[in-house]
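Provided below are the primary sequence and the corresponding predicted coordinates.
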Amino acid sequence: MRIIVFFDLPTETLEDKREYRKFRKMLIENGFVMMQESVYCRMLLTPGAGRSVISTIRKNRPKKGVAQVLTVTEKQFAAMEFISGESKMDVISDDKRLVVL
């Protein structure tokens, strides 16, 4: 399974920028990888892990803006099409398990 977080946070004031950096840092510390600007993805092994990650996101949600969470299966994630721009070869786009030691 994959969990995808989409967020749109204001960055007008210094406090807004601080909240943006704090939220983004929390995602990275919890294993998320940036897919696009303000779109982060993480692989999950179990649905229980997904509930735990969503709970962590709720606890660290920013004061302003919006964050959305979408959970998809590996097969659905692998079916994603890249329509524009250059193709990046470092993107994992299949449903095979990846183990990095």
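Structure's in. What do you need?

ok, the residue positioned nearest the centre of the chain - contacts?
In the chain, the residue lying closest to the centroid (Cα atoms, centre = their mean) is Y40, at 2.4 Å. Going by Cβ atoms under 8 Å, 6 or more residues apart in numbering, Y40 touches I4, V5, F7, R24, L27, I28, F32, V33, M34. Every C-beta, even on glycine, is put in place using the N, C-alpha and C of the backbone.

Take those residues and write them to TSV, including neighbour count and pLDDT.
TSV is the format used below for those (neighbours: other Cβ atoms under 10 Å; pLDDT from 0 to 100):
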residue	neighbour count	pLDDT
I4	17	95
V5	21	95
F7	20	94
R24	17	94
L27	21	95
I28	12	94
F32	20	94
V33	12	94
M34	12	93
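
I'd like the distance from the helix or strand encompassing I54 to the chain centre, please.
Assessed by DSSP states H and E, I54 sits inside helix 47-59. Its chain's C-alpha centre and that of helix 47-59 lie 12 Å apart, by Cα atoms, centre = their mean, to the nearest Å.

ok, and for that helix, which residues are buried?
Within helix 47-59, the residues that count as buried by 16 or more other Cβ atoms under 10 Å are G50, V53, I57.

helices or strands up against that helix?
Under the contact definition 3 or more Cβ pairs under 8 Å, 6 or more residues apart in numbering; DSSP states H and E, helix 47-59 sits against strand 2-8, helix 14-29, strand 66-72.

and the ones you listed, which is most packed in?
strand 2-8 (a mean of 17; mean count of other Cβ atoms under 10 Å).

So what touches that one?
Contacts of strand 2-8 (Cβ under 8 Å, 6+ apart): 23, 27, 32, 35, 38-44, 50, 53-54, 57, 62, 65-74, 77.

What pairs with it, parallel or antiparallel?
strand 39-43 (antiparallel), strand 66-72 (antiparallel) (DSSP bridges).

Any stretches of the chain with poor pLDDT?
85-101 (pLDDT under 70).

now with 90?
36, 45-50, 61-63, 73-74, 77-101 (pLDDT under 90).

want to throw the helices and strands packed on helix 47-59 into JSON lines with distance to I83?
Output for the helices and strands packed on helix 47-59, formatted as JSON lines (distance: least, Cβ to Cβ, whole Å):
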{"stretch": "strand 2-8", "distance to I83": "17"}
{"stretch": "helix 14-29", "distance to I83": "25"}
{"stretch": "strand 66-72", "distance to I83": "18"}
